[in-house]
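Chemist: Build me a model:
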Amino acid sequence: MEEEVQEEVPEPRLVLVFSGKRKSGKDHITELLQERLGPGVSCIVRLSAPLKQQFAQDHGLDLSLLLGAGPYKEQYRSEMILWGEEQRRRDPGFFCRLATNGATQPVWLVSDARRSTDITWFKTQFPTQTRTIRVSASDETRRSRGWSYIAGVDDAESECGLDSVLDWDWIISNEGDAAELETQLRPVIDLALKEPDQTTLTRRL
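Modeler: Numbers count the residues shown, from 1 in each chain. I've put the predicted structure just below:
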């Protein structure tokens, strides 16, 4: 039997882990950053993507609609949260590993950390590269983006699991002012574009 060869790829130079409430604008900000940095430099890592893919497969649902921001996803959100919690109880790093499997760009934009185990996994795997960013927006601003309180969702760990964290590397206020947002993101962009040193670490896929 031939021995399986594991591919070695460069480790990320920088891992930016984003957290925030629903409709705070995490996806908008990570997409904006990728635009600024370019797809050759950065990739967006969505921890919810493998969760939704497996959930859709197990329940016979439309994955493309689950990945969107419309009412279809909201219809199944509570059930999906409970299902995801069960998978994490078995293996806290399960979705993090799946989500990062194909990531080869030097800068990772992790768009949706929701639990302390998410942050712990990245800080453990990439201790010198990981920075954490909290995206905040007022309830009024979030309502203008379509948010409304849902029991079982907005009081669940997936929304509240990181509320007590205080040591974020950056806190970004996203109230809809584009110029102000650009100003706040400038240090993040500068760090992401900083020339790396000559040491290249590798990881196994």
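
Chemist: next helix or strand past the lengthiest helix in the chain?
Modeler: With secondary structure taken from DSSP state H, the chain has its longest helix at helix 71-90. Per DSSP states H and E, the first helix or strand lying C-terminal to helix 71-90 is helix 94-100.

Chemist: what's next to that next one, contact-wise?
Modeler: 45-51, 84, 87-88, 108, 110, 118, 121-122, 125 (C-beta atoms under 8 Å, 6 or more residues apart in numbering). (Glycine included, C-beta is placed from N, CA and C.)

Chemist: average pLDDT across the longest helix of the chain?
Modeler: For helix 71-90, the per-residue pLDDT values average out at 86.

Chemist: Name the residues of that helix that are buried.
Modeler: Buried positions in helix 71-90, judged by neighbour count with 16 or more other C-beta atoms under 10 Å: Lys73, Tyr76, Arg77, Met80, Ile81, Gly84, Arg88.

Chemist: Can you show me the helices along this structure?
Modeler: All helices of the chain, identified by DSSP H, fall at 26-37, 48-59, 63-66, 71-90, 94-100, 116-125, 139-144, 157-160, 178-193.

Chemist: Tell me which of those sits nearest to Asp167.
Modeler: Proximity to Asp167 (C-beta to C-beta) singles out helix 116-125 among these, at 10.2 Å.

Chemist: Residues touching that closest one, excluding its own?
Modeler: Residues from elsewhere that reach helix 116-125, judged by C-beta under 8 Å, 6+ apart: 15, 17, 19, 47, 88, 92-93, 96, 110, 113, 130, 132, 161-162, 165.

Chemist: picking that back up, go through the contacts of helix 94-100 and single out the one with the most neighbours.
Modeler: Val110 (28 neighbours; other C-beta atoms under 10 Å).

Chemist: Make sure that residue is actually in contact with Val15.
Modeler: Yes. Using C-beta atoms under 8 Å, Val110 is in contact with Val15, at 6.5 Å.

Chemist: Okay, Ser138 and Ala49: tell me how far apart.
Modeler: Distance, Ser138 to Ala49, using C-beta to C-beta, to the nearest Å: 28 Å.

Chemist: The contacts of helix 94-100: which two are farthest apart?
Modeler: Largest separation among the contacts of helix 94-100 by C-beta to C-beta: Gln87 and Trp108, giving 21.6 Å.

Chemist: Quick check: closest non-adjacent residue to Arg114.
Modeler: Spatially, and ignoring its direct neighbours in sequence, Arg114 is nearest to Ser158 (4.8 Å; C-beta to C-beta, 6 or more residues apart in numbering).

Chemist: Poorly predicted segments of the chain, please.
Modeler: Along the chain, the model assigns pLDDT under 70 to residues 1-9, 196-205.

Chemist: Give me the phi and psi for the spatially closest residue to Gly40 that is not a sequence neighbour.
Modeler: Computed as C-beta to C-beta, 6+ apart, the closest residue to Gly40 that is not its neighbour in sequence is Gln105, at 6.9 Å. When quoted as degrees, to the nearest 10, the phi and psi of Gln105 stand at phi -70, psi 160.
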